[in-house]
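# Got a predicted structure plus its sequence, pasted below:
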Amino acid sequence: MIRLPADHLLHDVARAGRRVAFVAAIVCALGLLFDPTRLARAYLVAWIYWTGAALGALAILMIYHVTGGAWGATIRRFLEAAVRLLPLLGLLFVPIAVAMPRLYVWARPEALDDPLLQHKAPYLNVPFFLARTIGYFVAWILVSRALLRWSDAQDTTVDVRPTERLELISRGGLLLLGLTMTFASFDWMMSLEPRWYSTIYGILFMGGTALTALTFGIVLAALARPGTRLPDAVSAGQFHDLGKLLLAFTMLWAYFNFSQFLIIWAGNLPEEIPWYLARTTGGWRVITVAIIVFHFALPFVILLSRRLKRNPAALGAVAGAFLLVRYLDVYWLLMPAFGVGATPHWLDVATFLALGGIFVSLVVRALAERPLLPLHDPSLPLEEVA
């Protein structure tokens, strides 16, 4: 049974995460005193990023249970550890609920003076918004708990029943997750600009969160190898498969984003074009170019290398850099809605580190409570390394 040693590198990472989170939380408290509106905006971006990481982990976990393959068994425990944080992430939505008038135009009393917002008021109103968010988290938590319960059951028996239940839950769970994540992206993100809409926005959100979760899992898997017996069970070929999957998700993300851009730009509709103009002018143009280069062009070229994909340390380094670029993409999607400049604010860094430190430290803590590799998983011959 492979577990993290008490002095493993990941424990050092978790310890550093707790310290960073503590310091960053103090900085956020200062932001609450001096600039609460900017703090609310930064917190929203950071919360959506880390919540997206957990939701993406849930999606990839269910895809693995449906499709199988040794690639998924390699990062399965890391995904399950991230999924366990969904109740906490739901609780961390409370500051956003409190700060809604600072974030959403339609949540302000004067919104009723706008005919368009009056038309959308049956859907875009605070009570219904909060009720939907609660409903999303209830659904996600129920699905995740069912998966974790049967995953634990799989560790205790060679019977195929837990494996079959995991597949059955995942088939329905993927449909439910796709529906709820689509509406969550409309509520939390797209409604920041209620005059603009995109029918592909939910897919953009889901593709981005899956990419975040995959890179997070690869980073943890690469960090977990030294000092454990993981190399006995996890081969370079399995990391190669993860690298190919990362390349595929990168291309899929680029395809979705280019599809939205092409359709909106070709349509040349006055209610849609300003969304892109706000993100491709001034300082935002630099961030747009950076996303194109570092989120697609450069990773595409790098991940074509077979040698890199078969090197866990090198692939983990690429995935680690990708995590930062993923935050830049979420920042680019949300922050222009507030009409602010592209220059990062110190509260952007503080909120990202505060929530990120909590997220990473709790994920590693969850890893210490269970074997690093699932027992009796049909994709791995764990008997050889038990």
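Okay, I see it. All of these numbers come straight from a predicted model, not from anything done at the bench.

# alpha carbons only for contacts and neighbour counts from here, please
Will do.

# Centroid-nearest residue for this protein?
For the chain, the residue nearest the mean C-alpha position is Ala53 (2.1 Å; CA atoms, centre = their mean).

# element containing that residue, please.
Using DSSP states H and E, the element containing Ala53 is helix 36-67.

# So for that helix, what gets flagged as buried?
36, 38-66 (16 or more other CA atoms under 10 Å).

# Same question for stretch 306-324.
Buried residues in stretch 306-324 (16+ other CA under 10 Å): 308-313, 315-320, 322-323.

# now, which of those sits nearest Ser185?
Set against Ser185, the nearest of those by CA to CA is Leu323 (19.7 Å).

# so which strand or helix has that closest one?
For Leu323, the host element (DSSP H and E) is helix 312-334.

# Only alpha carbons, please: show the following helix or strand past that helix as PDB.
Downstream of helix 312-334, the next assigned helix or strand under DSSP H and E is helix 346-367. This file holds the C-alpha atoms of helix 346-367, laid out as PDB (Å, rounded to 0.1, in the frame of the first residue of the first chain):
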ATOM      1  CA  TRP A 346      -2.000  43.400  -5.200                       C
ATOM      2  CA  LEU A 347      -5.400  42.000  -4.100                       C
ATOM      3  CA  ASP A 348      -5.500  39.800  -7.200                       C
ATOM      4  CA  VAL A 349      -2.300  38.100  -6.000                       C
ATOM      5  CA  ALA A 350      -3.400  38.000  -2.300                       C
ATOM      6  CA  THR A 351      -6.800  36.300  -3.000                       C
ATOM      7  CA  PHE A 352      -5.200  33.800  -5.400                       C
ATOM      8  CA  LEU A 353      -2.600  32.800  -2.900                       C
ATOM      9  CA  ALA A 354      -5.000  32.700   0.000                       C
ATOM     10  CA  LEU A 355      -7.500  30.400  -1.600                       C
ATOM     11  CA  GLY A 356      -4.800  28.500  -3.400                       C
ATOM     12  CA  GLY A 357      -2.800  27.900  -0.200                       C
ATOM     13  CA  ILE A 358      -5.900  26.500   1.500                       C
ATOM     14  CA  PHE A 359      -6.800  24.400  -1.500                       C
ATOM     15  CA  VAL A 360      -3.400  22.800  -1.900                       C
ATOM     16  CA  SER A 361      -2.800  22.200   1.800                       C
ATOM     17  CA  LEU A 362      -6.100  20.400   2.200                       C
ATOM     18  CA  VAL A 363      -5.700  18.300  -0.900                       C
ATOM     19  CA  VAL A 364      -2.300  17.100   0.400                       C
ATOM     20  CA  ARG A 365      -3.900  16.400   3.800                       C
ATOM     21  CA  ALA A 366      -6.500  14.300   2.100                       C
ATOM     22  CA  LEU A 367      -3.800  12.400   0.200                       C
END
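
# Select the helix or strand of the chain having the lowest average pLDDT value.
Taking mean pLDDT, DSSP states H and E as the measure, the helix or strand of the chain with the lowest value is helix 230-233, at a mean of 71.

# And for His345, the neighbour number?
For His345, the neighbour count with other CA atoms under 10 Å is 12.

# pLDDT value on it, please?
pLDDT for His345: 94.

# Leaving out the residues flanking it, which one is nearest to Asp241?
Spatial nearest neighbour of Asp241, excluding adjacent residues (CA to CA, 6 or more residues apart in numbering): Trp71 at 5.9 Å.

# What spatial separation is found between that neighbour and Val349?
Distance, Trp71 to Val349, by CA to CA, to the nearest Å: 33 Å.

# same question, Leu116
In terms of CA to CA, Leu116 sits 35 Å off from Val349.

# Looking at the two, which is more packed in?
Using other CA under 10 Å as the criterion, Leu116 and Val349 rank with Val349 on top: 16 against 13.

# any idea how far Arg285 is from Tyr276?
On the measure of CA to CA, Arg285 and Tyr276 end up 10 Å apart.

# same thing with Arg165?
Distance from Arg165 to Tyr276, by CA to CA: 44 Å.

# before we move on, what about Ile203?
Distance, Ile203 to Tyr276, by CA to CA: 18 Å.

# what do you get for Ile358?
From Ile358 across to Tyr276, the span is 33 Å (CA to CA).

# repeat for Leu220
Distance from Leu220 to Tyr276, by CA to CA: 35 Å.
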